[in-house]
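>>> this one's sequence-less:
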């Protein structure tokens, strides 16, 4: 393991998407119109794992979704690894989603 863990968090665009997705982009007729009902966020901990996290509809906002994902992934990683002292987070959304005082405060709380 290196001296840092890098976690990338991203959610699909705001446009609803159909699930499940099948190879080649084909969706059986019985599944057409099926939409993802809950927020879905993709998370990669580089070289350690990947997650598609479906969040509760009771999660109040985008910053809360980000915090839930960070917490969930770190909790899962601690089961299998002794985590290094550095954590790099990559979040590309605007300030309304990820780079908010709530997310920064959560990260400070983890420290």
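Nice, I can see it. The structure presented is a predicted model; accordingly, all values stated were derived computationally and were not measured.
>>> identify, by residue count, the longest helix of the protein.
Using DSSP state H to define each element, the chain has its longest helix at helix 62-80.
>>> what packs against that one?
Under the contact criterion of 3 or more C-beta pairs under 8 Å, 6 or more residues apart in numbering; DSSP states H and E, helix 62-80 touches strand 4-10, strand 40-45, strand 49-54, strand 86-91, helix 101-110. In short, each C-beta sits where N, CA and C put it, glycine included.
>>> strand 49-54 and the second one, what's the angle between them?
Spelled out, that is strand 40-45. Calculated by axes from the mean of the first three to the mean of the last three C-alpha atoms, to 10 degrees, strand 40-45 forms an angle of 160 degrees with strand 49-54.
>>> mind listing what's buried along strand 40-45?
Judged by neighbour count using 16 or more other C-beta atoms under 10 Å, the buried positions of strand 40-45 are 41, 43-45.
>>> report the angle between the longest helix of the chain and strand 4-10.
Using the same axes, to 10 degrees, the interaxial angle of helix 62-80 with respect to strand 4-10 works out to 140 degrees.
>>> thinking again about what came up before, ok, so of the buried residues of strand 40-45, who is nearest residue 57?
Top of the list for closeness to residue 57, among these and by C-beta to C-beta, is residue 41 at 13.7 Å.
>>> list the contacts of that closest one.
Residues counted as contacts of residue 41 (C-beta atoms under 8 Å, 6 or more residues apart in numbering) are 9-11, 52-53, 55, 65-66, 69.
>>> selection in ChimeraX covering whichever of the residues you listed are buried, please.
Command for ChimeraX, covering only those of those found buried under the criterion 16+ other C-beta under 10 Å:
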select :9,11,53,55,65,66,69
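>>> quick revisit: got CSV for the helices and strands packed on helix 62-80, with mean pLDDT and distance to residue 61 too?
Written out in CSV, the entries for the helices and strands packed on helix 62-80 read as follows (pLDDT from 0 to 100; distance: least, C-beta to C-beta, whole Å):
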stretch, mean pLDDT, distance to residue 61
strand 4-10, 87, 15
strand 40-45, 85, 13
strand 49-54, 86, 16
strand 86-91, 86, 15
helix 101-110, 88, 8
